Each structure stands twice: as C-alpha cells, then as structure tokens.
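**Student:** requesting a structural model of the entry that follows:
(one chain, ligands or ions: 2)
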Amino acid sequence: MPTARPHPLAEYADCIDPARPYTVRQIADLMEMAVSSVSGMADYGWLPGSSMKPHRRGGRVRTWTGAQLLRLARRPVRVAYDHGQYSPATLYRVGCRCKVCTRAHNADSLMRRRALAEETFPTDKRLLLVALIRGATPVAEAAAEVGVTPGRVYGRAAWDADFAQQLDEAGWALCVLGQDDPRCGTGGGYRGDSRAEVPRPGCRGTGCREWRRDRAQQERAGASS
Ligand SMILES: [Zn+2]
Ligand SMILES: [Zn+2]
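**Tutor:** Ligands and ions are numbered 1, 2, ... in the order given. So this is what the prediction gives:
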C-alpha cells in the first residue's frame, strides 16, 4: 500500500534558494546524493515541471527553479517501500532503513565524498605535493603550496592506499637528520634531542615513523605473549 511520505526535498527546504535555477547536479549537491539517485527521483515522477536550458558547455540540461523545488518539497510523495520499483538509495531518502537501503545510502555518500575529494585534490595536485615532499618540503608547507589543508592530505591517505604509499616513499626525504644519516629510522631520530646545543626536534619523516611503528608492534606482541 502506497503511503504519503514527506518529499525527499522537504528536509532541504531551508537551503533552497527560490531565486536560482537548479540542475540535477546541483540538486545532488544540495541533497548530498549521487547524481544518478536524483535522476532516479525524476524518473519516478517526483520532480515534475523541469524545463530544458542550454548548458554552458553545449547541449541542454534539465533545470528547475528554486521556487519550483520549494513547492515540490511541500508536496508529499505516495510511495510504498517497493524494492522492485525503487532504488534502495531512493527508498532510504523516503524513510526505509532496511539493511539493503542503508547500505546503498552509505555507499552513495561514500562515492559522493570521494568524487568531491577528487575535485578538490585532483591527481595533478597530488603529484605536485608528492614531488614537493620528495624535495624535502614538510607536508604542511607542501599542502599549502598546492592549496589544500594537511587534513585533506592525511584524509586521502587514510582511504587511498596508493597515495598513502607515494606519501610514505616521498616522506623519507623529510628526515630531520637527512635520510642518509645512520640515525634516520632510529629511536634517537624519532625522539629528537632537546638538550643538544642546537636542539633537534623529533623526526616525523617516514624512516623515523617506521621505527616507531615497529616499536609499537613489538610492544603489542610483548604485551600479548
Ligand atoms: Zn529498504
Ligand atoms: Zn628521521
């Protein structure tokens, strides 16, 4: 039995600007959904009233006015949790929290976050950053130079194993002692020397961080044996 549910746009009504036009892509940004999910909503007939506008890169693009979207947002949709008819990501938006729909929603948000990450920190910037680090520019400075935050650099490394490896390889050049110094990759390098005549900070280059990682592993093994 179809039941009246709030329109998926309802919870975004406060963010809709009635005076501007919206494309599928911009609605996807607004709702933090994948573009394909918004197209799906349009196919289900939940976004009637679009018009075709010329796109700045050629061709035409489906467009809604903000005022239209606000009217739609106030209009409930009649929908049954029919998993044969609707996509799981869409059903999640109208309230289904079954395992399949929740998983689809999470995959959708993850894809979106990664697409955004790709836009703000694309390959050419990543290559430049890695080259700068290989030239011994500290991570924070290298990040500033390519126009991203260090958080974005480490955030990407947390899920992009290839990038993490590139970062690690380049990071050997960051050793405070110099990567050819025999103390690179030792406890002395990692801890630094604050009492020396010329104090030396603790090293966070790849070599010295690796020493720390091995050490932590040994400690854990020792504790469990
Ligand atoms: Zn479901
Ligand atoms: Zn070091």
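
**Student:** can you map out the helices along this protein?
**Tutor:** For the chain, the helices defined by DSSP state H cover 24-31, 35-43, 66-73, 88-93, 99-120, 123-134, 139-146, 150-159, 161-171, 187-191, 206-224.

**Student:** mind exporting the fourth one as PDB, just the C-alpha atoms?
**Tutor:** Think helix 88-93. The C-alpha trace of helix 88-93 is given here as PDB (Å, rounded to 0.1, in the frame of the first residue of the first chain):
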ATOM      1  CA  PRO A  88      17.500   1.400  -2.400                       C
ATOM      2  CA  ALA A  89      19.200   4.900  -2.200                       C
ATOM      3  CA  THR A  90      15.900   6.500  -3.100                       C
ATOM      4  CA  LEU A  91      13.900   4.400  -0.600                       C
ATOM      5  CA  TYR A  92      16.400   5.400   2.100                       C
ATOM      6  CA  ARG A  93      15.500   9.000   1.400                       C
END
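
**Student:** and the residue lying farthest from the centre of the chain, how far is that from ligand 1?
**Tutor:** Residue farthest from the centre of the chain, counting by C-alpha atoms, centre = their mean, is E197 at 44.5 Å. In this view, E197 and ligand 1 are 68 Å apart by C-beta to the ion, to the nearest Å. All C-beta atoms are positioned from the backbone trio N, CA, C, and that covers glycine.

**Student:** the residue nearest to I27 when sequence neighbours are not counted: neighbour count?
**Tutor:** Excluding the flanking residues, the one nearest I27 by C-beta to C-beta, 6 or more residues apart in numbering is V38, at 4.9 Å. By other C-beta atoms under 10 Å, 27 other residues sit near V38.

**Student:** check T3 too.
**Tutor:** T3 sits with 12 neighbouring residues when counted by other C-beta under 10 Å.

**Student:** could you do A161 as well?
**Tutor:** Counted with other C-beta under 10 Å, A161 comes out at 9.

**Student:** now it: how far from ligand 2?
**Tutor:** For A161, the distance to ligand 2 - C-beta to the ion - is 23 Å.

**Student:** closest to ligand 1 out of the helices of the chain?
**Tutor:** helix 99-120 (3.3 Å; C-beta to the ion).

**Student:** domain map for this protein?
**Tutor:** If you go by automatic domain parsing, the domain ranges for the chain are 3-116, 121-173, 175-224.

**Student:** surely L128 and V146 touch.
**Tutor:** Yes. L128 lies in contact with V146 (C-beta atoms under 8 Å); the separation is 5.2 Å.

**Student:** who has more neighbours out of the two?
**Tutor:** Between L128 and V146, V146 has the larger neighbour count (other C-beta under 10 Å), namely 19 against 14.

**Student:** for the more buried one, which residues are in contact?
**Tutor:** 125, 128-129, 132 (C-beta atoms under 8 Å, 6 or more residues apart in numbering).

**Student:** farthest pair within the residues you listed?
**Tutor:** Spanning the widest gap among these are K125 and L132, at 10.5 Å by C-beta to C-beta.

**Student:** so which of the helices of the chain is the most packed in?
**Tutor:** Mean neighbour count (mean count of other C-beta atoms under 10 Å) peaks for helix 88-93 among these, with a mean of 24.

**Student:** run the chain-centre distance for it.
**Tutor:** Relative to its parent chain, helix 88-93 has a centroid offset of 21 Å by C-alpha atoms, centre = their mean, to the nearest Å.

**Student:** worst-scoring helix or strand of the protein, pLDDT-wise?
**Tutor:** Least confident helix or strand of the chain, by mean pLDDT, DSSP states H and E, is strand 51-54 with a mean of 84.
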